[in-house]
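Participant: Sharing a model that was predicted from the sequence below.
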Amino acid sequence: MHWESDASVAATAQSDHVRALDRFLIDVEKRAFRIARIAVRNDEDALDIVQDSMLQLARSYGKRSAEEWRPLFFRILQNRIRDCLRRSKVRSRLLAWLPHRDADNEAADPYESVPDAGPLPVEQLRTGEAMRALEQALAELPARQQEAFMLRIFEGLDVAGTAKAMSCSEGSVKTHYSRAVHTLRERLGDVW
């Protein structure tokens, strides 16, 4: 009878751990998508990257402690981004000789025309322009600076967590982050 209660406790603990992993993945999903979209500049590829990263974390590291998930997830995410960029570069070299096809033949989304009760158009325009300028400036940063900035600012990781996610020293994180901030200040001074 005692072993049944031990099995029940173990099953409950495992169930709690799975729910914690689900909550973690829900929490990081939007920010991870933003990071991937800025890096690869394609919504579909970014979504694939995020989903693949989530699956890899759950399969390979889901049984680890919750404190380890964030750095591991962002290491996986950055590796998937690098893989996607490499594949894209190779694909563009191999297919450069083919004629360009127009991919805009998709039907318009009917929900695009529904009015929004959000901010005024002028405010939306300013915010949109500022975000485009930020995304463009981020996209132009060297990859390691971009990675350090997004993990520190978008994800709120501390220096140690960022170093773990980037597989480098804390000093390197500080250097990459500092250079990214200085470059962004120079490029976005008027916009931000």
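Facilitator: Everything's here; your move. Treat the numbers as computed from the prediction; the structure is a model and nothing was measured.
Participant: Now do the helix ranked longest in the chain, average pLDDT.
Facilitator: If you go by DSSP state H, the chain has its longest helix at helix 2-40. When pLDDT is averaged over helix 2-40, the result is 82.
Participant: next structured bit after that helix?
Facilitator: Next in sequence after helix 2-40, counting helices and strands by DSSP states H and E, comes helix 43-56.
Participant: in the following helix or strand past that following helix, what's buried?
Facilitator: Using DSSP H and E, the helix or strand that follows helix 43-56 towards the C-terminus is helix 66-94. Neighbour counts over helix 66-94 (16 or more other Cβ atoms under 10 Å) mark 69-78, 80-81, 84 as buried. In this view, the C-beta of every residue, glycine as well, is placed from N, C-alpha and C.
Participant: quick one, what contacts the residue most central in space within the chain?
Facilitator: Nearest to the geometric centre of the chain sits residue 32, at 2.5 Å (Cα atoms, centre = their mean). Applying Cβ atoms under 8 Å, 6 or more residues apart in numbering, we find residue 32 in contact with 50, 53, 54, 73, 74, 77.
Participant: quick check, nearest of these to residue 127?
Facilitator: Distance to residue 127 across these (Cβ to Cβ) is lowest for residue 50, with 23.6 Å.
Participant: List the buried residues of the longest helix of the chain.
Facilitator: By neighbour count on 16+ other Cβ under 10 Å, the buried set for helix 2-40 is 21, 24-25, 28, 31-33, 35-40.
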